[in-house]
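> Could you look at this predicted model? Sequence included:
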Amino acid sequence: MTKLESAADLGKLRKQILSRIDPKKPCITICSGTGCQASGCEKISAAFQEELKNQKLSDKVDVRRTGCHGFCEKGPIVIIYPEEICYLQVKPEDASEVVSQTIKGGKIVDRLLYADAATGKRIAHESDIPFYKNQKRLILDNNRKIDPKSIDDYIALNGYSALAKTLSGLSPKQVLDEVKKANLRGRGGAGFPAGRKWETTRNAPGDVKYVIVNCDEGDPGAYMDRSLMEGNPHLVIEGLIIGAYAIGSHEGFIYVRQEYPLAVENTELAIKKAEEYGLLGKNILGSGFDFKITIHRGAGAFVSGESSALMCAIEGKVGEPRPKYVHSSVKGVWDRPSNLNNVETWATVPFIINNGADWFNGIGTKGSKGTKIFSLVGKVNNTGLVEVPMGMALRDIIEKIGGGIPNGKKFKAVQTGGPSGGCIPEKFLDLPVDFDELAQAGSMMGSGGMIIMDEDTCMVDTAKYFANFLADESCGKCVPCREGLKQICKILDKISTGKGKEDDIKDLEDLAEVLRDASLCSLGQTAANPVLSTLRYFRGEYEAHIRGECPAKVCKALITYYIDPEKCRACGLCLKNCPVGAVSGKKGAVHIIDQGKCIKCGACFDVCPEKFDAVARISGRPVPKAVPPGTEIKKRG
Amino acid sequence: MKMTTITMKIDGKSVKAEEGMTVFQAARNAGVGIPSICFNEKLEPFGACRFCMVEVTKDKKTKLVASCCYPAEDGLEVKTKSERISKIRKVLLELLLPLAPSGPLSDMAKKYGADASRFPLGKGEEPTNCTLCGRCVRYCSEVKKLNAVGFVGRGVNRRVELVSELGNECITCRECYGREVCESGRFVVLAEEFPFLQFVYRGR
């Protein structure tokens, strides 16, 4: 590959690539993101290759491994082009039928299509599936179309055209002004205006400046950055180069978690390819602009996602935050001006350059422009990655895209913003997704985690989970975060085990306030959000726990399993499934749980047939005395 | 280097300071004491103990900041005493006192009305007398340029150690555990944990 020396060269290359592509040639794309890898896409790909060979179609049909499509609930996803027929939850053994029926015969394999939950109607195209139909896919859109390992795939779909436009016709100041005008706010959490941050770094004294991609995504259940980085690395790289040009930086870092091996692999390859093509390195596209990128792998600490800690880690030190009263955009890595943005923020930049700030301002709300990717997880029918315009109501995301709550359960709360986000109750479901609105409700946009909880979720238990997660991940440098979180965990543990006292809530509130006001970094400052928001909206649950009741019947110390002698049919399932032998009984006799032995695993509750419904979970009221052993079951009447 | 004099208000009093100073230093120069555990004149500001939190007002916006790290600025208004600040210090003391009952914290406890028994130690926990202020760690690194003392562990498991690999770097200057650096006497305990270094600590 000879290096591209101008924007025109890139245009020529694009034409060449497109001329090699026959749009009518069938192509089987297989989602190969981390999620689908876990559900076996390697084997599926091999099965398709094998089947094409067997049916002598290998040179007539392309097979492409793409990035994450986002509908991970239904993965692995296979799409057959040119008709764009979308098959879900494909297994290797489906390959032969798909090849012979769809590729050869032009017929659709109905059973592999999406079935509408309500009507059972089959849907053949991805774009018609409600999960996708109600999204606005901008940043994620190309994930499903391109092979992240192929730079040509990216270039074919107009990739690097924003960079070419930038380097051939825009001054750094023009690029900066466009991004400022677009009101692009950082997607990593705080929503700081990206243009203003860029400008600070640009104007900061010093010749050497750095630009950094933060791909140290660590929120439990969140994976939007991973999917972008592994599914479309060139998009992030293109955004980074454009930003570097605007800022006047010639060196960039992509900080990616070591736990994201596919993202590391694809990004490494993408950098290598971009260098070969002359899109990175010296004199990019003949513009005289030099830029290189180094990958820095994270060592696994959640706190390293905090910008100053991340910069310490890049310097080779322990990833611990430092005070940021002098912003890292002025004094960052090795005390040099360093502009850090999240993966999604960088990935948005090429769209702004190509389509203009006015176009971008046409999407979203007054204060939050563009789209935002969320990872919709928890108690919701369609889990996966969703991209929506800012301002969409939470209710629409959960119901229209997420398909509502499984098993007819009632919605209880949604936590936005990862472990440090707040839990928002039902009454706020019509809140538009927007940086400022979420903050007002006591939560935050965060990087885009969205965890749905149903009526079976205990909010004290939830707060305890997140407090423990953050206590584990606190670096321990400052006192409020290290010692305060430890005490919060202790108190929540007390409350959830029925040892809580009235004063505990006051203690929690005091600790939460000090954590928020006095912690060194945003990990500590926001760590109390789950506690504060659950206290604000679900205070009654805390009070119930202190009285000895877990209303959602989750906290083991506060629940008792009991077999109702009126309902027991002596089927013996509970006895067979009890892992500790706490259930006794015999044919025709009411089964009894030995409370001394019971470990409250709930196995009896789960296996008791629905038609009997004999095992009860009791909390907050006295447990009836067990019947004497050998009591006969009630005759059916 | 030419020093620029700036004027700021600390607790309502107009105060002169030099540019490049922190709010903490400016206050101290003006005779206003701000409590701190991790501050030491010979060391770079660390911002870990959070006792030095103050309220600063700039462009009509007030925020809580750690004064040991916050740069002094012309026109800045600083409040070193307020209800919010006292509450922070009280809770911080209540968190640390069970871990470090001896030493300078107990004097402060009276002033801020801190209740040492509010957050008692759990089972198996012992007072370490170390507040993890990191002065020994930073002294060894910044002043002695040795890094023989370091932090080990994360979060609640954080502790100060002279692990054997790093211990070899120790030149037994004995300065890290002197009163000037360590106020709590943590290193007496450490010496017992590392018998091979005990000779170092004789005579403390």
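The structure has been received and is ready for your questions.
> OK, now which residue of chain A is nearest to chain B?
Closest contact between chain A and chain B, by CB to the nearest CB, is at residue A:476 (3.3 Å). Every C-beta, even on glycine, is put in place using the N, C-alpha and C of the backbone.
> Next SSE downstream of the lowest-mean-pLDDT helix or strand in chain A?
Ranked by mean pLDDT, DSSP states H and E, the helix or strand of chain A with the weakest confidence is helix A:435-440, at a mean of 87. Moving toward the C-terminus from helix A:435-440, the next helix or strand (DSSP states H and E) is strand A:449-454.
> C-terminal to that next one, what's the next element?
Following strand A:449-454 in sequence, per DSSP H and E, is helix A:459-473.
> What are the contacting residues of the following helix or strand past that following helix?
Sequence order places helix A:479 as the next helix or strand after helix A:459-473, per DSSP H and E. Here helix A:479 makes contact (CB atoms under 8 Å, 6 or more residues apart in numbering or on different chains) with B:48-50, B:92, B:95-96, B:131-132.
> ok, which of those residues also contact chain A?
Residues of the contacts of helix A:479 in contact with chain A (CB under 8 Å from any CB of the partner chain): B:48-50, B:92, B:95-96, B:131-132.
> Weed out the non-buried ones from those residues.
B:48-50, B:92, B:95-96, B:131-132 (16 or more other CB atoms under 10 Å in any protein chain shown).
> can I get those residues in TSV with pLDDT, distance to residue B:146 and secondary structure?
Below are those laid out as TSV (pLDDT from 0 to 100; distance: CB to CB, whole Å; DSSP: H, G, I helix; E, B strand; the rest coil):
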residue	pLDDT	distance to residue B:146	secondary structure
B:48	95	21	coil
B:49	94	23	coil
B:50	96	27	coil
B:92	96	30	helix
B:95	95	31	helix
B:96	94	28	helix
B:131	89	22	coil
B:132	91	19	coil
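> what residues go with each domain of chain B?
B:5-80, B:82-125, B:135-201 (automatic domain parsing).
> Just want the phi and psi numbers for residue A:566.
The phi/psi pair for residue A:566 (degrees, to the nearest 10) reads phi -70, psi -30.
> and it, how many neighbours?
Each residue near residue A:566 was counted by other CB atoms under 10 Å in any protein chain shown, and the total is 10.
> Next: residue A:508.
Residue A:508, neighbours per other CB under 10 Å, totals 24.
> For it, give me its contacts.
Residue A:508 makes contact with A:488, A:491-492, A:531, A:535, according to CB under 8 Å, 6+ apart.
> circling back to that earlier point, would you agree the residue of chain A closest to chain B is in contact with residue B:158?
Yes. With contact defined as CB atoms under 8 Å, residue A:476 and residue B:158 form a contacting pair (3.3 Å).
> Find the residues that touch each one of the two.
Residues within reach of residue A:476 and of residue B:158 at once, by CB under 8 Å, 6+ apart, are A:482, B:132, B:151.
> Report pLDDT for the residue most central in space within chain A.
Centroid check for chain A by CA atoms, centre = their mean gives residue A:222 as the closest residue, at 2.5 Å. On pLDDT, residue A:222 comes in at 88.
> Now it: closest residue in space that isn't a chain neighbour?
Spatial nearest neighbour of residue A:222, chain neighbours left out: residue A:449 (3.9 Å); criterion: CB to CB, 6 or more residues apart in numbering or on different chains.
> Would you mind measuring from the one you found to residue A:418?
4 Å (CB to CB, to the nearest Å).
> Pull up the overlap in contacts between these two.
In contact with both residue A:449 and residue A:418: A:219-220, A:222, using CB under 8 Å, 6+ apart.
> if we take these, which one ends up nearest to residue A:326?
residue A:219 (27.7 Å; CB to CB).
> list the contacts for the closest one?
The contact partners of residue A:219, by CB under 8 Å, 6+ apart, come to A:418-419, A:446-447, A:449.
> what's the neighbour count on the residue in chain B positioned nearest to chain A?
The nearest approach of chain B to chain A comes at residue B:158, 3.3 Å away (CB to the nearest CB). As a burial measure, residue B:158 scores 18 neighbours (other CB under 10 Å).
> Next: residue B:128.
Applying other CB under 10 Å, we find 15 residues neighbouring residue B:128.
> got the contact list for the closest residue to it other than its chain neighbours?
Among residues not flanking residue B:128 along the chain, residue B:99 sits closest, at 5.8 Å (CB to CB, 6+ apart). The contact partners of residue B:99, by CB under 8 Å, 6+ apart, come to A:483, B:121, B:127-131.
> now the helices: where do they sit in chain B?
Secondary structure of chain B (DSSP state H): helices at B:23-29, B:83-96, B:105-112, B:135-138, B:164-167, B:186-193, B:198-201.
> Restrict the first one to CA atoms and write it as CSV.
Spelled out, it's helix B:23-29. Taking Å, rounded to 0.1, in the frame of the first residue of the first chain, the C-alpha atoms of helix B:23-29 are listed here in CSV:
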residue,chain,number,x,y,z
VAL,B,23,-4.9,29.2,49.6
PHE,B,24,-3.5,27.2,52.6
GLN,B,25,-0.2,29.0,52.5
ALA,B,26,-1.7,32.4,51.9
ALA,B,27,-3.9,31.9,54.9
ARG,B,28,-1.1,30.6,57.1
ASN,B,29,1.0,33.7,56.1
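> Just list what it packs against, helices and strands only.
Counting contacts by 3 or more CB pairs under 8 Å, 6 or more residues apart in numbering or on different chains; DSSP states H and E, helix B:23-29 is packed against strand B:5-10, strand B:13-18, strand B:53-58.
> List the buried residues in that helix.
Neighbour counts over helix B:23-29 (16+ other CB under 10 Å) mark B:23-28 as buried.
> Pull the residues that contact it.
Helix B:23-29 has contacts (CB under 8 Å, 6+ apart) with B:8, B:10, B:15, B:17-18, B:21, B:33-34, B:36, B:39, B:45, B:52, B:54, B:56, B:65, B:67-68, B:70-72, B:76, B:78, B:80.
> From those residues, list just the buried residues.
B:8, B:10, B:15, B:17, B:21, B:34, B:36, B:39, B:45, B:52, B:54, B:56, B:65, B:67-68, B:70, B:72, B:76, B:78, B:80.
> element containing residue A:175?
Assessed by DSSP H and E, residue A:175 sits inside helix A:172-181.
> what's in contact with the following helix or strand past that helix?
Downstream of helix A:172-181, the first helix or strand assigned by DSSP H and E is helix A:194-203. With contact meaning CB under 8 Å, 6+ apart, helix A:194-203 is reached by A:172, A:176-177, A:179-186, A:209, A:211, A:243, A:246-249, A:327, A:329-330, A:337-339, A:341, A:345.
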